[in-house]
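>>> sequence unavailable; structure follows:
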Ligand SMILES: C[S@@+](CC[C@H](N)C(=O)[O-])C[C@H]1O[C@@H](n2cnc3c(N)ncnc32)[C@H](O)[C@@H]1O
């Protein structure tokens, strides 16, 4: 069961870890709850997801791909499921850091191998990888990637 406080906790983490980042892309953001929390913390946040019903936040109602023009300082995803890999690929391609809280894999892989795979993908794409944990129930591990260029 996902923790209802996950948005507030992850927003605080993002704001502290990337204190200089003003513009955030929130990928697979569902209704936009993480966007609300990041906006409260003074971040200009754009949520990408395909949902028709969402909160009144800056919302790009479409599938996020690596071809999306980059107007962000950091790209993040809370339980982004099928968008997890593309967040890492996007960050590497556009030379911005990322922070993700992975949940389900996109290929049936179980959680620990999936986490290892994501960290390896980021390293292979030239990013320095960090691991953090949010104080919350459910999938709470954060992978951060910072471009090395
Ligand atoms: C498990 S939900 C998580 C939603 C929200 N982040 C949360 O924690 O409640 C996964 C979301 O990923 C979205 N999604 C999957 N692939 C995507 C993509 N390529 N671009 C944008 N959204 C995507 C789905 O539409 C869904 O809303």
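Structure's in. What do you need? Since the structure is predicted, the reported quantities are computational estimates derived from the model, not experimental observations.

>>> which residues sit in contact with the closest residue to residue 43 other than its chain neighbours?
Leaving aside its chain neighbours, residue 43 sits nearest to residue 24 (4.8 Å; criterion: Cβ to Cβ, 6 or more residues apart in numbering). The way it works is simple: take the backbone N, C-alpha and C, and place the C-beta from them, glycine included. Counting by Cβ atoms under 8 Å, 6 or more residues apart in numbering, residue 24 makes contact with 14, 38, 43-46, 72-76.

>>> what's residue 24 sitting at in phi/psi?
The phi/psi pair for residue 24 (degrees, to the nearest 10) reads phi -120, psi 130.

>>> same thing with residue 3?
The phi/psi pair for residue 3 (degrees, to the nearest 10) reads phi -70, psi 130.

>>> ok, how many other residues are close to it?
By other Cβ atoms under 10 Å, the residues close to residue 3 number 16.

>>> could you pull up the residues touching it?
Each residue near residue 3 by Cβ under 8 Å, 6+ apart is listed here: 9, 136-138, 140.

>>> and after the longest helix that the chain contains, which helix or strand comes next?
Taking residue count as the measure and DSSP state H as the definition, the longest helix of the chain comes out as helix 111-124. Under the assignment DSSP states H and E, the closest C-terminal helix or strand after helix 111-124 is strand 127-133.

>>> could you list the low-confidence segments of the chain?
For the chain, residues meeting the criterion pLDDT under 70 lie at 1.

>>> all the helices of it, in order from the start?
Using DSSP H, the helices assigned to the chain run over residues 6-17, 33-40, 84-94, 111-124.
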